[in-house]
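Chemist: Pasted the sequence and its predicted model underneath.
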Amino acid sequence: MAQVSLKNIRKVYPNGAEALTPSSFDIGDGEFVVLVGPSGCGKSTLLRMVAGLEEITEGELTINGRVMNDVDPADRDIAMVFQNYALYPHMTVRKNIAYGLKNRKTPKHVIEQKVAEAAAMLNLNEYLDRKPSQLSGGQRQRVAMGRAIVRDPALFLFDEPLSNLDAKLRNQMRIEIKALQRRLGVTSIYVTHDQVEAMTMADRIIVMNAGRIEQIGTPAEIYHRPASTFVASFMGAPPMNLVQARLDGGRVMINGDTVLGAAEGSGAVTVGIRPEDVVLAADGGLLFHVDLVEELGAHRLLHGRLGDQEFTIHVGKDIEAIPGEVRVALKADAINLFHPETGKAL
Amino acid sequence: MTEANAGAIDRTTTAAPRRKRRIRWSAVVDHAVLIVGSLFMMLPLLMVLQMTTVPDVEVIKTGPSLTIGDQLPVNFEKAMFEASGFSGQNTGLNMLKNSFILGIGFALGKILIGMMAAYAIVYFRMRFASLAFWVIFTTLLLPLEVRILPSYEVVQKLGMLNTYQGLIIPLIASATATFFFRQFFRSVPEELVEAARIDGAGPVKFFIDILVPLSRTMIAAMFIIMFVYGWNQYLWPTMITTEEDMFTLVRGIKQITQVLEGNRIPEYGRANLLAIIAIIPPVLVVIFFQNWFVKGLTESDK
Ligand SMILES: Nc1ncnc2c1ncn2[C@@H]1O[C@H](COP(=O)(O)OP(=O)(O)O)[C@@H](O)[C@H]1O
Ligand SMILES: [Mg+2]
């Protein structure tokens, strides 16, 4: 178990690229933190600095109060699961799992017992004497997990461990990893570009963009109260609707219709609203022109325009929908307001 | 379109049973070409083999012929166990031993040095790693023949004339092996190194536990090439070994045909048999390692 603390950690690669601007956060004991962001935003860089695979340019990393900046990866008491599994191809599953323990001069009978435990936990018993090339992708990722858990590390690091698996397996492994982490109670940092993984697995999400942390919060906070238009549009599928509006006399107006009665300030503002927080209104409300109905079985998405701005709403499966004009109302308590230029939440 | 396809399928299915009975002339021609080709390649070898079975006088009188004599066991006895030259230590068996020491030492030395050099260049952040690599690479332009005099002088000053070290060490620094291992190591995924680092494997452990086993097919391929290359060395052994008990096969055979005491006929049978014997080990190495060699080229086990 471990507490991890990053203080103004910054990364500049030797070629001069700043992959991470000074960033700080703390991770509590047993917490499952997901780093999410588009590809190239610096997630792996951050994770690899925690692992010790990449040098920390500036700032201070502590694990359980101990400064780790210059500690060798092997001595940080961490285990890492890689995207491409990184199994040793010439070793059997058993040897792969045991290798880290062997290097730490663990007694043989302890190694055997731990490998057996891990194999049982991960349903790998029948595969222990196979080589990685004789396993499926899901099984390989399980072996990589096994290699991580036998070491009883203080901290698990995952770098997009599921992105090489097909969708069905990914869903299944997602649940397995989460359950395993719960059961072992090991503090974990999990990197992904998939917002669904982030939402479903995390205790806390850290959303990153272009080398900066955009927001840190629980999945619910991130989803319902995004700190910026970037977070609003990155998290959630379909993303939050972002509509240009006017703030006038304490009221927020879209195309001249009031959508929110009480707000401070004046001038332009961006209104953010989740598609499911828009309801069909019998009369009154805003005029929404439906261009396209996306049938998803359990519900439908209506894509179209609010005035000249793109807009999507979410309706239950029992509501008939055809392209054309409908009237909609926004749930007032679900409205987010953002600065029209900086995109920051107001 | 679909009709044409259906027709094609139809034709092949009906043709299949008929095909068995028909002689496929293309296959016959292919095989004929191959057989003629291999006979052509083997002809010199067969001639040499024939000459080892007849008395030496016969060779002088008629040259190569189709007669198969009964001298093979006699020549074998002479070739392997009878000393030639002055010292009485220069038996075929001894030369075979020296050749093996040179071939294996040369191959293993080159592999070891090449691997270690490539390891340093690929995995360690040295200041001038790529410069070092290109310097090593340019030594391809300086084969032994070019630097033979200074090399000889160094070996001589170190007192390594007529020793195995003197025979092997100056030859094993290898740009070729370094180059191949460098290319191979660069194709090993980065994540493997990182996983090993987290697993607590230091540089030596990583090399021995992971890189060497991963490279085994590459090592086998290198071994074939380098063993044959080392085995066939002629110029360097000729310069470095003056004592007969250090002669290698390739160098020693010539000695035998040269020895003309008085008016004796050169021992053709013996020399030719030694030539055959000198061919066998490289052939065996190739046959034995060929599976690995092909595997190394086709199987991506990384
Ligand atoms: N070794 C490196 N040298 C220079 N730039 C790098 C290196 N590794 C990554 N980068 C750059 O740093 C940025 C962040 O990369 P990375 O952390 O891998 O992103 P992510 O994992 O979020 O996709 C990218 O712009 C990438 O090009
Ligand atoms: Mg990445």
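Modeler: Structure received. Ligands and ions are numbered 1, 2, ... in the order given.

Chemist: can you tell me which residues contact the residue in the stretch 151-300 of chain A that chain B sits nearest to?
Modeler: Scanning the stretch 151-300 of chain A for the residue nearest chain B gives A:Arg151, at 8.2 Å (criterion: Cβ to the nearest Cβ). From N, CA and C alone the C-beta is placed, and that goes for glycine too. For A:Arg151, the contact set (Cβ atoms under 8 Å, 6 or more residues apart in numbering or on different chains) comprises A:79, A:100-101, A:104.

Chemist: Filter the residues you listed down to the buried ones.
Modeler: Among the contacts of A:Arg151, those classed as buried by 16 or more other Cβ atoms under 10 Å in any protein chain shown are A:79, A:100-101.

Chemist: Unless I misread the structure, A:Ser24 falls within a helix.
Modeler: No. Using DSSP: H, G, I helix; E, B strand; the rest coil, the secondary structure at A:Ser24 is strand, not a helix.

Chemist: how about it, what does it touch?
Modeler: A:6-9, A:59.

Chemist: before we move on, what about B:Tyr229?
Modeler: Going by Cβ under 8 Å, 6+ apart, the list of residues near B:Tyr229 reads B:106-107.

Chemist: likewise B:Arg270?
Modeler: B:75, B:78-79, B:82, B:84, B:256.

Chemist: Repeat that for B:Phe184.
Modeler: Neighbour list for B:Phe184: B:118, B:215, B:218 [criterion: Cβ under 8 Å, 6+ apart].

Chemist: give me the number of residues near the first one?
Modeler: Counted with other Cβ atoms under 10 Å in any protein chain shown, the burial measure for B:Ala118 works out to 24 neighbours.

Chemist: Can you tell me the element it falls in?
Modeler: Following DSSP states H and E, one finds B:Ala118 within helix B:92-123.

Chemist: any idea of the mean pLDDT for that helix?
Modeler: Here helix B:92-123 scores 93 as its mean pLDDT.

Chemist: For the stretch 1-150 of chain B, give the residue positioned nearest to ligand 1.
Modeler: The minimum distance from the stretch 1-150 of chain B to ligand 1, using Cβ to the nearest ligand atom, falls at B:Arg125 (11.6 Å).

Chemist: how far away is that residue from chain A?
Modeler: Distance, B:Arg125 to chain A, using Cβ to the nearest Cβ, to the nearest Å: 10 Å.

Chemist: tell me the SS of A:Leu61?
Modeler: Strictly by three-state DSSP, A:Leu61 counts as strand.

Chemist: Retrieve the pLDDT associated with it.
Modeler: 96.

Chemist: Run through the bridge partners of it.
Modeler: Counting by DSSP bridges, A:Leu61 forms beta bridges with A:Leu6.

Chemist: what about it, how many residues close to it?
Modeler: 20.

Chemist: Would you mind naming what in the stretch 1-150 of chain A lies close to ligand 1?
Modeler: Residues of the stretch 1-150 of chain A lying close to ligand 1 (Cβ under 6 Å from any ligand atom) are A:13, A:15, A:17, A:19, A:37, A:39-45.

Chemist: nearest to chain B, of the residues you listed?
Modeler: A:Ser44 (11.0 Å).

Chemist: and that closest one, what element?
Modeler: helix A:43-51.

Chemist: Could you single out the nearest of the contacts of B:Arg270 to B:Pro281?
Modeler: B:Ala79 (14.7 Å; Cβ to Cβ).

Chemist: elements contacting the helix or strand encompassing that closest one?
Modeler: Assigning secondary structure by DSSP H and E places B:Ala79 in helix B:72-81. Under the contact definition 3 or more Cβ pairs under 8 Å, 6 or more residues apart in numbering or on different chains; DSSP states H and E, helix B:72-81 sits against helix B:92-123, helix B:268-298.

Chemist: Would you mind finding the most buried of those?
Modeler: helix B:92-123 (a mean of 20; mean count of other Cβ atoms under 10 Å in any protein chain shown).

Chemist: Tell me if that helix is near chain A.
Modeler: No. Counting by Cβ under 8 Å from any Cβ of the partner chain, chain A is not contacted by helix B:92-123; separation bottoms out at 13.6 Å.

Chemist: send the alpha carbons of whichever helix or strand comes after that helix over as CSV?
Modeler: Downstream of helix B:92-123, the first helix or strand assigned by DSSP H and E is helix B:129-138. Taking Å, rounded to 0.1, in the frame of the first residue of the first chain, the C-alpha atoms of helix B:129-138 are listed here in CSV:
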residue,chain,number,x,y,z
ALA,B,129,27.6,5.5,-29.4
SER,B,130,26.7,6.0,-33.0
LEU,B,131,30.2,7.3,-33.8
ALA,B,132,31.6,4.3,-32.2
PHE,B,133,29.4,2.1,-34.3
TRP,B,134,30.4,3.7,-37.5
VAL,B,135,34.1,3.5,-36.6
ILE,B,136,33.6,-0.2,-36.0
PHE,B,137,31.6,-0.4,-39.2
THR,B,138,34.4,1.2,-41.3
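
Chemist: what's helix B:129-138 in contact with?
Modeler: Residues from elsewhere that reach helix B:129-138 (Cβ under 8 Å, 6+ apart): B:117, B:120-121, B:126, B:175, B:178-179, B:182.

Chemist: Swap in 10 Å and give it another go.
Modeler: B:114, B:117-118, B:120-123, B:126, B:128, B:173-176, B:178-179, B:182 (Cβ atoms under 10 Å, 6 or more residues apart in numbering or on different chains).

Chemist: by contact count, what packs against the strand or helix carrying A:Lys168?
Modeler: For A:Lys168, the host element (DSSP H and E) is helix A:167-184. Other helices and strands packing on helix A:167-184, by 3 or more Cβ pairs under 10 Å, 6 or more residues apart in numbering or on different chains; DSSP states H and E, are strand A:32-36, helix A:108-121, helix A:137-149, strand A:155-159, strand A:187-192, helix A:195-201.

Chemist: possible to save those as TSV with mean pLDDT, distance to B:Thr91 and mean neighbour count?
Modeler: Formatted as TSV, those follow (pLDDT from 0 to 100; distance: least, Cβ to Cβ, whole Å; neighbours: other Cβ atoms under 10 Å in any protein chain shown):
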stretch	mean pLDDT	distance to B:Thr91	mean neighbour count
strand A:32-36	96	73	25
helix A:108-121	94	51	15
helix A:137-149	93	56	23
strand A:155-159	95	64	24
strand A:187-192	96	69	26
helix A:195-201	93	74	20
